[in-house]
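>>> Return atomic coordinates for the entry below.
(one chain, ligands or ions: 1)
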Amino acid sequence: MHFDKSVKIRAEIDSDREAVYRLTVDAFEHSDFGHNGEAELINAVRSGHRDTFSLVAVFNDKPIGYLLCSPCSIETQNESIVGMAIGPVAVASKWQKRGVGTLLMEGCVQHAIDSHWNYLVVAGHPDFYARFKFELLSKLGLKHCFAGMPDNIFFIRFFKAVQASKFADGQLRYCAEFGPQNRFEL
Ligand SMILES: CC(C)(COP(=O)(O)OP(=O)(O)OC[C@H]1O[C@@H](n2cnc3c(N)ncnc32)[C@H](O)[C@@H]1OP(=O)(O)O)[C@@H](O)C(=O)NCCC(=O)NCCS
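You can find the predicted model right below:
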């Protein structure tokens with residue numbers, strides 16, 4: 001893969017926000033599904049939660065890629081375990097397929113390890129996320145709570161010596177800004 005070494009990954013700062021908005025709209029507009037409010041979702045999640053984590057990929061210190069993590073939980077009958085959900089992830093259309101998304105994901109995984117997070121989850125294409133040692137949520141018996149969304153796009157990676165089997169039948173919940181999660185209430 002061609003990779004431009006002048007692309008750097010760093011934590012997002014307030015002055016990145018406008019560029020992040022624009023690059024997110026651009027990335028999704030050029031995707032198969034189009035832009036469906038992902039840029040606004042980022043703003044809503046940032047305003048609603050202090051404990052988000054976000055990375056930007058920069059070229060000449062201008063954002064060209066972005067990754068957001070927000071708190072989520074896996075709930076079983078007996079307990080709840082907190083983790084972080086990756087998404088949206090966006091790379092400006094002109095920069096796609098040049099390794100920028102990979103750098104963002106690697107930066108995020110490293111931060112999760114350094115910060116002793118329990119796990120990361122992500123919803124997206126298996127060809128991309130399987131590279132980062134994520135496995136299907138459903139393989140571990142876990143379920144997401146979004147009615148109408150397929151199971152085979154949700155992935156998880158545990159970081160601690162958490163026994164995944166302990167959470168079989170657990171339900172994964174993103175923060176409320178991601179929309180209704182009433183799959184098991186219908
Ligand atoms: C998904 C995305 C972040 C990947 O960023 P990127 O910088 O293009 O990724 P990289 O260059 O590091 O890796 C690209 C590889 O992942 C694969 N890939 C990326 N997105 C893919 C997708 N949606 N479906 C299948 N494969 C995908 C590419 O085929 C490529 O494979 P290769 O290395 O064998 O050529 C970027 O394509 C993007 O912004 N897409 C639009 C927004 C989006 O769909 N975000 C994800 C959901 S939140």
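
>>> Can you pull the poorly scored residue ranges out of this protein?
1-4, 161-165, 186 (pLDDT under 70).

>>> Can you tell me which residues in it are near the ligand?
1, 27-28, 31, 87-91, 96-102, 124-125, 127-128 (CB under 6 Å from any ligand atom). (C-beta placed from N, C-alpha, C; glycine too.)

>>> CA-only coordinates of the longest strand seen in the chain in PDB, if you can.
Longest strand in the chain by number of residues, with DSSP state E as the criterion: strand 62-75. C-alpha atoms of strand 62-75 as PDB (Å, rounded to 0.1, in the frame of the first residue of the first chain):
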ATOM      1  CA  LYS A  62      -4.500  20.000   8.100                       C
ATOM      2  CA  PRO A  63      -7.000  17.300   9.000                       C
ATOM      3  CA  ILE A  64      -7.600  14.700   6.300                       C
ATOM      4  CA  GLY A  65      -8.900  11.900   8.500                       C
ATOM      5  CA  TYR A  66     -10.900  11.500  11.700                       C
ATOM      6  CA  LEU A  67     -11.800   8.900  14.200                       C
ATOM      7  CA  LEU A  68     -14.200   9.300  17.100                       C
ATOM      8  CA  CYS A  69     -14.700   7.000  20.100                       C
ATOM      9  CA  SER A  70     -17.600   7.300  22.500                       C
ATOM     10  CA  PRO A  71     -18.600   5.400  25.600                       C
ATOM     11  CA  CYS A  72     -20.700   2.300  25.200                       C
ATOM     12  CA  SER A  73     -21.700  -0.600  27.400                       C
ATOM     13  CA  ILE A  74     -22.400  -4.300  27.300                       C
ATOM     14  CA  GLU A  75     -25.200  -5.200  29.600                       C
END
